[in-house]
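Engineer: need coordinates for the below:
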Amino acid sequence: MSKSILERYPEYELTIGMEVHVQLNTASKIFCSCPNKFGDKPNTNICPICAGYPGTLPVLNKKVVDYGIMTGLATNSTINRLNYFSRKHYTYPDLPKNYQITQDENPICLDGHVMIKDAAGNDKKVRLVRIHIEEDAGKNTHGSNGESFVDLNRTGTPLLEIVSHPDLTSAQETRDYLNKLHAIVVYLGVSDGNMEEGSFRADTNISVRKKGAPAYGTRVELKNINSFKFIAQAIEFEAERQITMLESGERITQETRLWDSKKNQTYFMRSKEEAQDYRFFTDPDLPAVYIDDAWLEAIKKTLPELPDAKIARFQEQYGVSAYDAGVLIEEQVVANFFEQAAKLCGNAKLTLNWVSRDVLGYLKEKKLSITSSKITPALLAELICAIDKGVINNKVAQDIFLEMAESGKSPQQIIQDQGLQQIDSVEEIEAVIKNVIAANPDNVAKLQAGNERLFGFFVGQVMKETKGKGNPQLINDLLRKYLVI
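Structural biologist: Residues are numbered from 1 along each chain as shown. You can find the predicted model right below:
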C-alpha cells in the first residue's frame, strides 16, 4: 500500500472543510407542486413557478422544513426557531429567475457535529457551521457541436446544504465523515443519497501549511466529484500539488478545480480570488417560518434508530465487533438484511460471516444491489440453519449459496434435488478412509515419519471421495485414529 500524503510529507498538515448538498426526496418540489423526480424527459416536470415566470409566487413545502429539523437533530445541531428565506443573485442559464432562494443569515440548523474516528481510532468531533435549506438549479447539457441545452426538471428541487468547519485533516477522515453523513440522511429517510443522480454532492475545501504555522494556507475548492473514493484520491493529489508548489517557492491561488478520474489529477476550473457579491436580501414573497415546541417535539418522535445507535446495539445484541458493526450499518439495507437473517436463524456470528464475505462479495462481483438480487434474508437463514444442524458442511454450503443466488431456489430444495446432505455415518467414512490409506502407503509412511503437512492431503482425498459431503470434524477424528498420529 502506498504511503499517504501526510506520511510522505510529515512536516505539513492538511486542513479540510466540506460543503455537502443533500437532495431531499419529497414528492414535490420546494416551492411548487411539480413532481420531484429524477430521470424524466427534460422540461416535463416544470411549471411557471419553478420556471421563473414573472409574477408567480412560491409556497413553501412543509415537508422540507420537517426534513431540515430531522437532519439537525440527528447531527446534534441547534434548531433555529425563526427562519427566513433570502434571494442569492447570480446569472446562469440553468437559473431562470436569476436568483436562488436559500437561507442566508437565518439557517435552520447551527453548531452541530458528527462523530468519526481519527487515525489512532479515537473519537473525533467534526463540527458543523450550519445546515440551511435552499432550492436546486437546473441542469446544463453541452453538445459536441457547440450547442447547449437547459433542463429545468431539477429546478426547485429541495436541498439541504451542510457546511462543516475545517476540522478534517486527511483524505481518510474526509471519507469517513462523508460516509457517516451519508448514512445519517439515508437512515432518516430524507434522501436516497444516490451520488450518481446528484442526490448527495460534496465540495471539498482544502489547504496545506507547515505544522505550527499560525494561519491556514490558501484554500482550493474541489468540485463536482461523484464518489467518496475519488474525493479521497483528489485530496491526496491536490495536497501534494500544493506542497510541491510551496516547496518550489510558488504561490497558491484561490481557485476551483475539478477531478479527472482517468488521469488521476485535478485541473483548473475557475478562479476565486475575489468573493462574488450575491446581493443577498430577504425574499419578500416568503413569510418567516417559526418552529414551535409542538412542531419540534413531533419531529423528535419520528426519528429512527441512527447509525451510531445501531452500531452500539449490534455490538450488545449480536456480539459483533465495533468494526464489523460499522461495516454492516454503512448501508441501511445491508444492516436490515443482516438483522432479519440473524433473527431467523438464531446464529448472529455465522450470519455476519456469510453477509460480510459471501453476500457482499457476490453482489460486488455481479454489480448488484442487495435489493435487486435473488438473495433474501430468509434464504440465507435457511442455509445457515442447514450448516448449524449438520445437514451440510461449509464447503457444500458455498456451492449451494452460489446456486441459490443465481436461481433464487431455497437451500433445502437444492440439497434435496442434488442429494447434498452431509455424510455423518462413521461406517461410511471409515470405509472411505481405509481405501484412501491403502491407496497411498508412501504418504502414510512419510506422515508417520513426521511430515505432518501430509495430513491435509489425506483430508482432501477423503473429501474428494465423499464429493465434499463428508463431515469435516468426523473425517479429521477418524483419520487421526487410523493414521495413528
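Engineer: ok, and the closest non-adjacent residue to Gly68?
Structural biologist: Ile108 (4.3 Å; CB to CB, 6 or more residues apart in numbering). To be clear about C-beta, it is placed using only N, CA and C from the backbone, and glycine gets the same treatment.
Engineer: typo on my end, Thr75
Structural biologist: Nearest non-adjacent residue to Thr75 (CB to CB, 6+ apart): Gly112, at 4.0 Å.
Engineer: ok, the one you found - contacts?
Structural biologist: 72, 75-78, 127-128, 131 (CB atoms under 8 Å, 6 or more residues apart in numbering).
Engineer: buried ones among those?
Structural biologist: Buried by 16 or more other CB atoms under 10 Å: 72, 75, 77, 128, 131, out of these.
Engineer: secondary structure element for Ser232?
Structural biologist: In this structure residue 232 is Ala, not Ser. helix 228-247 (DSSP states H and E).
Engineer: export the contacts of Gly112 to JSON lines and tack on pLDDT and distance to Leu368?
Structural biologist: JSON lines is the format used below for the contacts of Gly112 (pLDDT from 0 to 100; distance: CB to CB, whole Å):
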{"residue": "Gly72", "pLDDT": "98", "distance to Leu368": "35"}
{"residue": "Thr75", "pLDDT": "98", "distance to Leu368": "31"}
{"residue": "Asn76", "pLDDT": "97", "distance to Leu368": "35"}
{"residue": "Ser77", "pLDDT": "98", "distance to Leu368": "36"}
{"residue": "Thr78", "pLDDT": "97", "distance to Leu368": "41"}
{"residue": "Arg127", "pLDDT": "98", "distance to Leu368": "38"}
{"residue": "Leu128", "pLDDT": "98", "distance to Leu368": "35"}
{"residue": "Ile131", "pLDDT": "98", "distance to Leu368": "34"}
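Engineer: among those, which two are most distant?
Structural biologist: Gly72 and Arg127 (13.9 Å; CB to CB).
Engineer: now Ile30: how far from Asn347?
Structural biologist: Separation of Ile30 from Asn347 (CB to CB, to the nearest Å): 47 Å.
Engineer: repeat that for Val459.
Structural biologist: 25 Å.
Engineer: what of Asp123?
Structural biologist: 31 Å.
Engineer: between those two, who's got more neighbours?
Structural biologist: Neighbour comparison, Asp123 and Asn347: the larger count goes to Asn347, with 18 against 8 (by other CB atoms under 10 Å).
Engineer: closest one to Val359 out of the contacts of Gly112, please.
Structural biologist: Thr75 (30.4 Å).
Engineer: quick one: the closest one and Val129 touch, right?
Structural biologist: No - using CB atoms under 8 Å, Thr75 is not in contact with Val129; the gap is 11.5 Å.
Engineer: and the contacts of stretch 225-237?
Structural biologist: Counting by CB under 8 Å, 6+ apart, 4-5, 14, 16, 170-172, 174-175, 178-179, 182, 195-196, 198, 201-202, 204, 206, 222, 258-259, 261, 264-266 sit against stretch 225-237.
Engineer: now the buried members of those.
Structural biologist: 4-5, 14, 16, 170-172, 174-175, 178, 182, 195, 198, 201-202, 204, 206, 222, 258-259, 266.
Engineer: quick one: residues contacting Asn80.
Structural biologist: Asn80 neighbours (CB under 8 Å, 6+ apart): 106-110, 291.
Engineer: which ones among the residues you listed map onto helices?
Structural biologist: Within the contacts of Asn80, no residue falls in helices by DSSP state H.
Engineer: the residues you listed in strands, which ones?
Structural biologist: Judged by DSSP state E, the contacts of Asn80 include 109-110 as members of strands.
Engineer: which of the contacts of Asn80 sits closest to Asn393?
Structural biologist: Looking across the contacts of Asn80 and measuring by CB to CB, the closest to Asn393 is Cys109, at 53.9 Å.
Engineer: contact partners for the closest one?
Structural biologist: With CB under 8 Å, 6+ apart, Cys109 has these contacts: 68, 71-72, 75, 77-80, 128, 130-132.
Engineer: could those residues go into JSON lines alongside distance to Arg357?
Structural biologist: Listed next are those as JSON lines, based on distance: CB to CB, whole Å:
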{"residue": "Gly68", "distance to Arg357": "39"}
{"residue": "Thr71", "distance to Arg357": "34"}
{"residue": "Gly72", "distance to Arg357": "38"}
{"residue": "Thr75", "distance to Arg357": "33"}
{"residue": "Ser77", "distance to Arg357": "38"}
{"residue": "Thr78", "distance to Arg357": "43"}
{"residue": "Ile79", "distance to Arg357": "42"}
{"residue": "Asn80", "distance to Arg357": "46"}
{"residue": "Leu128", "distance to Arg357": "36"}
{"residue": "Arg130", "distance to Arg357": "41"}
{"residue": "Ile131", "distance to Arg357": "37"}
{"residue": "His132", "distance to Arg357": "42"}
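Engineer: out of those residues, which sit inside helices?
Structural biologist: Among those, the members falling in helices (DSSP H) are 68, 71-72.
Engineer: can you tell me which of these is nearest Val20?
Structural biologist: Using CB to CB, the ones in helices among the contacts of Cys109 come closest to Val20 at Thr71, 10.7 Å.
Engineer: shaky segments in this structure?
Structural biologist: Scanning the chain for pLDDT under 70 picks out 1, 273-275, 420, 422-425, 485.
Engineer: next, Asn471: phi, psi?
Structural biologist: In terms of degrees, to the nearest 10, the main-chain angles of Asn471 are phi -70, psi 110.
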